[in-house]
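Student: Predicted model and sequence below, questions to follow.
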Amino acid sequence: MLSAGHPTVLVIDDEVRSQEALRRTLDEEFTVLTASGADEGRALMEREFVQVILCDQRMPGMSGVTFLREVRERWPDAVRIIISGYSESDDIIAGINEAGIYQYLLKPWHPDALLLAVRAAAQLHALQQQTRRLDLELRTAEPVLRQRVQACQEQVRAQFEFARLTRAADSPLNSVVAQAARVAGAEIAVHLCGESGTGKELLARAIHYASPRAGRAFVIENCGATADSLLESELFGHKRGSFTGAFEDRVGLFEQADGGTLFLDEIGDASAAFQVKLLRVLQEGEIRPVGTARSRKVDVRIVSATNRDLEEDVRQGRFREDLYYRLTQFVLPLPPLRARRSDIPLIAAGLLAAAEPGGDFRFTPEALDCLAHYHWPGNVRELQNEVLRALALTDAGDIGAHLFSPRVLQALPEREPGADAALLDSLEGDLRTRMETLEARVLREALIRHRWNKTRAAAELGLSRVGLRGKLVRYGLERKT
């Protein structure tokens, strides 16, 4: 006895031998019903739930296409297949256009080919039913989904709000953030300038999520990492077949960001040819995908960034002046990390917590002192690398300065010409106090150079190890173990 879970196939053929042959082929995988004509097939359809219909084209009284046209109107979910010993093109075209035929099989058919066709038809019916159920569930779940989307948007907005930008109370970044917060709600183009790794993308995200566009997309494109031909397609989209490798239509980033914000990173590296195309989009507020003749309106706010001196590039003719003024309606310079000494301990601690959530790790005072004295040409990205390196090398909770890379350990505070004299003038107290302050600084710098190896530091300074230790204790520089 066949399982109730087998899909039901209705075979309609006026030849009994054809009915039996079809039944024998399908019987193991499907529940097979048979009928000798359209009237009998219609009666079975009214009583049974049929997933697939196999219908002969030439039958007495009513052709297969005519019957399946009726089936399409009354039972549209049933997948319809025509079997015929004739290959008239008119019948095939009518079957496809009028009756919505899924497949047209010619006699004599091969059992394996027939089974493949019916299996595919049954799978198609199952997918149609599943899609219908999902559509119904989505309609009933729409309020819940809307609430979830809103909750996710709020979480993302909280994640990138200005308050989450790590900085100390006296940080020079504070004034930049204050200005960014004021212009976030204004519909003007913002340009972020500063060295690589200073956090331009984070600030751009914060501007977007503090703006009225926060509910729409924030899209990023690195203009210096993509070839011109690909950059145009990436930003404006393309039509399938418009160039070699365009195998499908592509929606450009401008369209994806419609109603939201497009962050153009490394805009200073864009070629002269691309600058012309970008200028046209910004002037007209519309794009033209590659390979199409029709333009499309877009509503996008532009936030750009570069580590280059765009004003100098304009003077040298490397960057279009008209595009420069389109992008720089408001300019925000981000200070390098070496100008944010007070922020370094907070940033390092945040990077450490992000790398090891819940971990019991902390930097020793000399480690933080070492980080504060390095000049950080790679800014926060370089600091993150040092944190990850030290974390990989430590077994204990304390992360000491000796775990940093040699270039960080051997770095000394950058001094301007005459800085030592200025330092002497700035020291307070009597001569003895001032000399002790300088001595403590010399000791600390020697330890940093020698990765806190007291033996080598003592040898450089002409001290015994015991003498060095005494001075470290005196000046509060002895590393806790």
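Tutor: Noted; the coordinates are in hand.
Student: gap between Phe330 and Ala180?
Tutor: 9 Å (C-beta to C-beta, to the nearest Å). Every residue, glycine included, has its C-beta placed from N, CA and C.
Student: Quickly list what's touching both of these two.
Tutor: Val190 (C-beta atoms under 8 Å, 6 or more residues apart in numbering).
Student: now for stretch 207-216, what's the gap between its first and last residues?
Tutor: One end of stretch 207-216 sits 13 Å from the other (C-alpha to C-alpha, to the nearest Å).
Student: what's the spacing between it and its chain's center?
Tutor: Once both centres are worked out by C-alpha atoms, centre = their mean, to the nearest Å, stretch 207-216 turns out to sit 17 Å from its chain's centre.
Student: Now tell me what touches it from outside.
Tutor: 153, 156-157, 160-162, 180-181, 183-185, 190, 218, 257-261, 263, 301, 303.
Student: and Val219, how many neighbours does it have?
Tutor: 20 (other C-beta atoms under 10 Å).
Student: Mind checking what secondary structure it has?
Tutor: The three-state label given to Val219 by DSSP: H, G, I helix; E, B strand; the rest coil is strand.
Student: thought it was touching Gln256?
Tutor: Yes: Val219 is within contact range of Gln256, at 5.3 Å (criterion: C-beta atoms under 8 Å).
Student: quick revisit: compare Phe330 and Ala180 (neighbour count), which wins?
Tutor: Ala180 (23 against 17).
Student: is it true that the more buried one touches Phe162?
Tutor: Yes: between Ala180 and Phe162 there is a contact at 6.9 Å, judged by C-beta under 8 Å.
Student: okay, and the common contacts of these two?
Tutor: Ala206, Ala210.
Student: remind me which residues of the stretch 301-450 of the chain are low pLDDT?
Tutor: For the stretch 301-450 of the chain, the stretches with pLDDT under 70 are 410-429.
Student: swap the cut-off to 50 and go again
Tutor: Filtered on pLDDT under 50, the stretch 301-450 of the chain yields the residue ranges 412-420, 422-424.
Student: just the helices in it please.
Tutor: 310-315, 321-327, 344-355, 365-373, 379-393, 406-409, 419-426, 431-449 (DSSP state H, counting those that start in this stretch).
Student: closest to Phe236 out of these?
Tutor: Ranking those by proximity to Phe236 (C-beta to C-beta) places helix 321-327 first, at 16.0 Å.
Student: just checking, what packs against the closest one?
Tutor: With contacts taken as 3 or more C-beta pairs under 8 Å, 6 or more residues apart in numbering; DSSP states H and E, helix 321-327 sits against helix 272-284, helix 310-315.
Student: So Leu352 versus Gly197, what's the distance?
Tutor: 18 Å.
Student: and what of Asp313?
Tutor: Taken as C-beta to C-beta, the span from Asp313 to Gly197 is 20 Å.
Student: ok so, going back, of the helices and strands packed on helix 321-327, which is nearest Ser342?
Tutor: That would be, of the helices and strands packed on helix 321-327 and by C-beta to C-beta, helix 310-315, which comes in at 29.1 Å.
Student: can you list contacts of that closest one?
Tutor: With contact meaning C-beta under 8 Å, 6+ apart, helix 310-315 is reached by His191, Cys193, Ile267, Gly268, Phe319, Arg320, Glu321, Tyr324, Thr328.
Student: Report the buried members of the contacts of stretch 207-216.
Tutor: Neighbour counting by 16 or more other C-beta atoms under 10 Å classes 157, 160, 162, 180, 183-184, 190, 218, 257-258, 260-261, 263, 301, 303 among those as buried.
Student: Return the subset of these lying in strands.
Tutor: Val190, Phe218, Thr261, Phe263, Arg301, Val303 (DSSP state E).
Student: Which helix or which strand is home to the closest residue in space to the second one that isn't next to it in sequence?
Tutor: To tie it back to what came earlier, the one meant is Phe218. With sequence-adjacent residues excluded and distances taken as C-beta to C-beta, 6 or more residues apart in numbering, Phe218 is closest to His208, at 4.6 Å. Per DSSP states H and E, His208 falls inside helix 200-209.
Student: the inter-axis angle of that helix versus helix 379-393?
Tutor: Angle between the axes of helix 200-209 and helix 379-393 is 110 degrees (criterion: axes from the mean of the first three to the mean of the last three C-alpha atoms, to 10 degrees).
Student: Looking at helix 200-209 now, give me its mean pLDDT.
Tutor: For helix 200-209, the mean per-residue pLDDT is 95.
Student: any idea how far that helix is from the chain center?
Tutor: Helix 200-209 sits 15 Å away from the centroid of its parent chain (C-alpha atoms, centre = their mean).
Student: can you pull the buried residues of that helix?
Tutor: Buried, per 16+ other C-beta under 10 Å, within helix 200-209: Lys200, Glu201, Leu202, Leu203, Ala204, Arg205, Ala206, Ile207, His208, Tyr209.
Student: Next: stretch 57-67.
Tutor: Neighbour-count burial for stretch 57-67 flags Gln57, Met59, Met62, Ser63, Gly64, Val65, Phe67 (criterion: 16+ other C-beta under 10 Å).
Student: Look at Gly462 and say how many residues are nearby.
Tutor: Gly462 has 8 neighbours, counted by other C-beta under 10 Å.
Student: err, Leu477, not the other one
Tutor: 18.
Student: Quick check: the gap between it and Arg139.
Tutor: From Leu477 across to Arg139, the span is 69 Å (C-beta to C-beta).
Student: swap in Gly61?
Tutor: Distance, Gly61 to Arg139, by C-beta to C-beta: 42 Å.
Student: again with Leu116
Tutor: Separation of Leu116 from Arg139 (C-beta to C-beta): 35 Å.
Student: Those two: who's more crowded?
Tutor: Neighbours were tallied for Leu116 and for Arg139 using other C-beta under 10 Å; the higher tally belongs to Leu116 (12 against 8).
Student: Name the helix or strand for the more buried one, please.
Tutor: helix 111-159.
Student: Return the mean pLDDT over that helix, rounded to an integer.
Tutor: Within the predicted structure, the mean pLDDT of helix 111-159 is 84.
Student: Could you double-check that Asn385 sits in contact with Gly378?
Tutor: Yes: here Asn385 reaches Gly378: they are 7.5 Å apart, a contact under C-beta under 8 Å.
Student: how's this structure carved up into domains?
Tutor: Annotated domains of the chain cover 8-128, 162-335, 338-414, 415-481 [automatic domain parsing].
Student: With Pro143 as the reference, name the closest of these.
Tutor: Of the domains of the chain, nearest to Pro143 by C-beta to C-beta is domain 162-335, at 17.3 Å.
Student: end-to-end on the closest one?
Tutor: Domain 162-335: ends 16 Å apart by C-alpha to C-alpha.
Student: and what of stretch 184-196?
Tutor: 22 Å.
Student: contacting residues around it?
Tutor: For stretch 184-196, the external contacting residues (C-beta under 8 Å, 6+ apart) are 180, 183, 200, 203-204, 206-208, 210-212, 267, 282, 301-307, 309-310, 326-336, 377-379, 381.
Student: ditto for stretch 109-120
Tutor: Contacts of stretch 109-120 (C-beta under 8 Å, 6+ apart): Val9, Leu22, Thr25, Leu26, Glu29, Phe30, Val52, Leu54, Ile81, Ile83, Gln103, Leu105.
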